[in-house]
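> Give me a model of this one.
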Amino acid sequence: MDSAFIARRLDAYERLIRLDQPIGTLLLLWPTLWAVWLASYGAPRLDIVMIFVVGTLLMRSAGCAINDYADRSFDPQVERTRARPLAAREIEPREALVVAAVLALAAFGLVLFLNWRAILLSFVAVAIAASYPFTKRFFALPQAYLGVAFGFGIPMAYAAIQNRLPAECWLLLAANVLYSFAYDTEYAMVDREDDAKLGLRTSALTLGRWDVAAVMASYAAMLAALAVLGVMLGLDWPYSAALAVAGAMMVYHWFLIRGRTREGCFKAFRHNNWVGSAIFAGIVLSYSFNQPWR
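Numbering: from 1, shown residues only. Next up is the predicted model:
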């Protein structure tokens, strides 16, 4: 087994779990960090932060492997995904399952350092993440289901830190479902023609000409939910400023997606990393301004 063969295999595995495309990890990570900071009132323990950061990376990677396994007969027929290692037959389907299982077990090993409530929720999180790739076969709006899957770090964070699931936890999860629905609809708009030919169901196809309006309405509802959350928790002005910045970014997304071009929709999807990071910065700075030494 020569070094070139090993290098090709490692490259295929890296692309399978999208280490070369960190945007998915970031979109999963920001809402989780929102919850970690809010649940700990702006002063999270370092070990908790590390568990959720590394766990997010591991679970997103495992989810990519499961997703490619589920879509292995569809991806070769989609322009954007036909070069993925499973679609291109660089690796076997069983290898993808093994990779997903190993990564999920590694993530579960981290969860064992948390309390029993977080451990129980982790089983629900795995079930939702594993079932999501199959929803596009029968559910008209799988992007809404993705929002739950991508937001389950929120109740896990509250469970781990507060050992309870207060009202603000569910409001934050609802905001993330709206956020995920918006950006994943933008993503689905990229593959609209290919998905239609394959008979798959996505929000972009279900909504038809109302897709852009639905994305913007989801963004608006997300901001409203986060604004209510800020009032509930008494967050300081940096949080409000962050929501205003996020809102300006969403207006920019409207300019990108209104023409429904592949390039514009994909650019808007990727730009959501900055939306998530802006809100996180607002949360962190809000608690900094509320410190007793001020």
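
> Would you mind measuring from the closest residue to residue 265 other than its chain neighbours to residue 183?
In space, and not counting its chain neighbours, residue 265 is closest to residue 189: 4.2 Å by Cβ to Cβ, 6 or more residues apart in numbering. C-betas here are computed from N, CA, C, even on glycine. Residue 189 sits at a distance of 11 Å from residue 183 (criterion: Cβ to Cβ, to the nearest Å).

> what mean pLDDT does stretch 119-126 have?
Regarding stretch 119-126, the rounded mean pLDDT is 94.

> Can you pull out the low-pLDDT segments for this protein?
Scanning the chain for pLDDT under 70 picks out the ranges 1, 290-294.

> quick one: the helices in it?
3-16, 23-39, 46-70, 93-111, 116-135, 142-151, 153-162, 167-190, 192-198, 203-207, 211-233, 237-257, 262-289 (DSSP state H).

> Which of these sits closest to residue 77?
helix 192-198 (6.1 Å; Cβ to Cβ).

> quick one: the closest one to chain centroid distance?
23 Å (Cα atoms, centre = their mean, to the nearest Å).

> And that helix, what's buried?
Applying a neighbour-count criterion of 16 or more other Cβ atoms under 10 Å, one finds 192, 194, 195 buried in helix 192-198.

> Please list all residues in contact with the closest residue to the first one other than its chain neighbours.
Spatial nearest neighbour of residue 192, excluding adjacent residues (Cβ to Cβ, 6+ apart): residue 204 at 4.9 Å. Contacts were defined as Cβ atoms under 8 Å, 6 or more residues apart in numbering; by that measure residue 204 touches 185, 188, 189, 191, 192, 195, 211.

> From what I see, the second one and residue 206 are in contact.
No. In terms of Cβ atoms under 8 Å, residue 188 does not count as a neighbour of residue 206; the distance is 9.4 Å.

> ok, those two, which is more surrounded?
residue 188 (26 against 17; other Cβ atoms under 10 Å).

> and residue 85, what are its phi and psi?
phi -60, psi -30 (degrees, to the nearest 10).

> What's the separation between residue 233 and residue 154?
In terms of Cβ to Cβ, residue 233 sits 14 Å off from residue 154.

> who has more neighbours, the two?
residue 154 (28 against 16).

> Now do that one against residue 256, distance only.
Distance from residue 154 to residue 256, by Cβ to Cβ: 27 Å.

> what about the nearest residue to residue 174 once chain neighbours are set aside, how many neighbours?
Leaving aside its sequence neighbours, residue 174 sits nearest to residue 225 (Cβ to Cβ, 6+ apart; 5.6 Å). Neighbour count for residue 225, taken as other Cβ under 10 Å: 19.

> try residue 246
22.

> And it, how close does it get to residue 30?
Applying Cβ to Cβ to residue 246 and residue 30 gives a distance of 11 Å.

> Please enumerate the shared neighbours of those two.
With Cβ under 8 Å, 6+ apart as the test, residue 246 and residue 30 both reach residue 279.

> thinking residue 218 is in contact with residue 179, fair?
Yes. Here residue 218 reaches residue 179: they are 7.5 Å apart, a contact under Cβ under 8 Å.

> Looking at these two, which is more packed in?
Of the pair residue 218 and residue 179, residue 179 is the one with more neighbours under other Cβ under 10 Å, namely 29 against 24.

> quick one, what contacts the more buried one?
31, 147, 218, 219, 222, 272, 275, 276.

> what's the closest non-adjacent residue to the third one?
The reference is to residue 218. residue 182 (4.0 Å).

> Quick check, that neighbour in contact with residue 212.
No. In this structure, residue 182 is not within contact of residue 212 by Cβ under 8 Å, at 10.6 Å.

> ok, these two, which is more surrounded?
More neighbours surround residue 182 than the other of residue 182 and residue 212, with 29 against 20 (other Cβ under 10 Å).

> Could you check how far the more buried one is from residue 97?
31 Å.

> same check, this time on residue 205
Counting by Cβ to Cβ, the gap from residue 205 to residue 97 is 29 Å.

> Show me which of those two is the more surrounded one.
Taking neighbours as other Cβ under 10 Å, residue 205 and residue 97 compare with residue 205 leading, 19 against 13.
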